[in-house]
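In: here is my input; please provide its structure:
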Amino acid sequence: MCRFTTGNSILFGISLADHDYTQSLKYIFPIIFFALGIVMIKVMQRKMTSINSRKVLIMLYEIVVILVVGLIVKNASPVFIVGLLSLVSAAQLQEFKLLKGNPFNPLMMTGNISKIANNAYLSLVDHDKNARSLLIDTIMVITSFILGTFIMGIVDHYLNAYSVLVLIVPLSLVIIFNFINRK
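Out: Numbers count the residues shown, from 1 in each chain. Next comes the predicted model:
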């Protein structure tokens, strides 16, 4: 989803350079929604002291937005749909920045691939055990990302525009496991 923001930023600039102001509005809308999403999550981060409760609430917020997208996807403007998905992307990016206390990015794979190369080097050349652990974690993140896109590619053939609703399943599972592990 973050590619929406990067791609839209590039296309926005190109549209402005071409003096196609109507088209540029199409690209700025999701960028504004993404920024709005970051601000909304920042407010939640400031107001909520329980990190665990906040993470659950943010995942519930993501589920609600995805449900809204699923309900209106056939009748709403694609620009508005991308804007709503940008809210979910912003929530993921702003709230879920750490994996086992180490920075990671659940949406942009370039940084994660760089981490793999760096940690592979450190674990192989320097025999760094921490780098090896980070290497394994980062490989799992990328593998999960690829597996998720693979599954969504298959699901899309059957559900088409409604395939976005499948995203609710892993979010719900994380919330359920969170409550099970709390006890």
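In: hey, C-alpha coordinates of stretch 140-157 in CSV?
Out: Only the C-alpha atoms of stretch 140-157 are listed here, as CSV (Å, rounded to 0.1, in the frame of the first residue of the first chain):
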residue,chain,number,x,y,z
MET,A,140,10.4,-14.1,7.6
VAL,A,141,8.9,-10.6,7.0
ILE,A,142,9.7,-10.7,3.3
THR,A,143,8.5,-14.3,2.9
SER,A,144,5.3,-13.4,4.6
PHE,A,145,4.9,-10.4,2.3
ILE,A,146,5.5,-12.5,-0.8
LEU,A,147,3.2,-15.2,0.5
GLY,A,148,0.5,-12.6,1.2
THR,A,149,0.7,-11.1,-2.3
PHE,A,150,0.6,-14.6,-3.8
ILE,A,151,-2.5,-15.5,-1.8
MET,A,152,-4.1,-12.2,-2.7
GLY,A,153,-3.3,-12.7,-6.4
ILE,A,154,-5.2,-16.0,-6.3
VAL,A,155,-8.1,-14.7,-4.2
ASP,A,156,-8.4,-11.7,-6.6
HIS,A,157,-9.3,-14.1,-9.4
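In: buried ones in it?
Out: Going by neighbour count (16 or more other Cβ atoms under 10 Å), the buried part of stretch 140-157 is 141, 155. All C-beta spots, glycine's among them, are computed from the backbone N, C-alpha and C.
In: who's in contact with that stretch?
Out: Applying Cβ atoms under 8 Å, 6 or more residues apart in numbering, the external contacts of stretch 140-157 come out as 99, 104, 106, 109, 112-113, 116, 163, 166, 170.
In: and what of stretch 166-183?
Out: 52, 55-56, 59-60, 62-63, 66-67, 88, 148, 151-152, 155, 159.
In: related to what we said a few turns ago, can I get the contacts of stretch 140-157 in JSON lines with pLDDT and secondary structure?
Out: Shown next, in JSON lines, are those (pLDDT from 0 to 100; DSSP: H, G, I helix; E, B strand; the rest coil):
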{"residue": "Leu99", "pLDDT": "79", "secondary structure": "strand"}
{"residue": "Phe104", "pLDDT": "75", "secondary structure": "coil"}
{"residue": "Pro106", "pLDDT": "73", "secondary structure": "coil"}
{"residue": "Met109", "pLDDT": "77", "secondary structure": "helix"}
{"residue": "Asn112", "pLDDT": "84", "secondary structure": "helix"}
{"residue": "Ile113", "pLDDT": "88", "secondary structure": "helix"}
{"residue": "Ile116", "pLDDT": "93", "secondary structure": "helix"}
{"residue": "Ser163", "pLDDT": "92", "secondary structure": "helix"}
{"residue": "Val166", "pLDDT": "93", "secondary structure": "helix"}
{"residue": "Pro170", "pLDDT": "92", "secondary structure": "helix"}
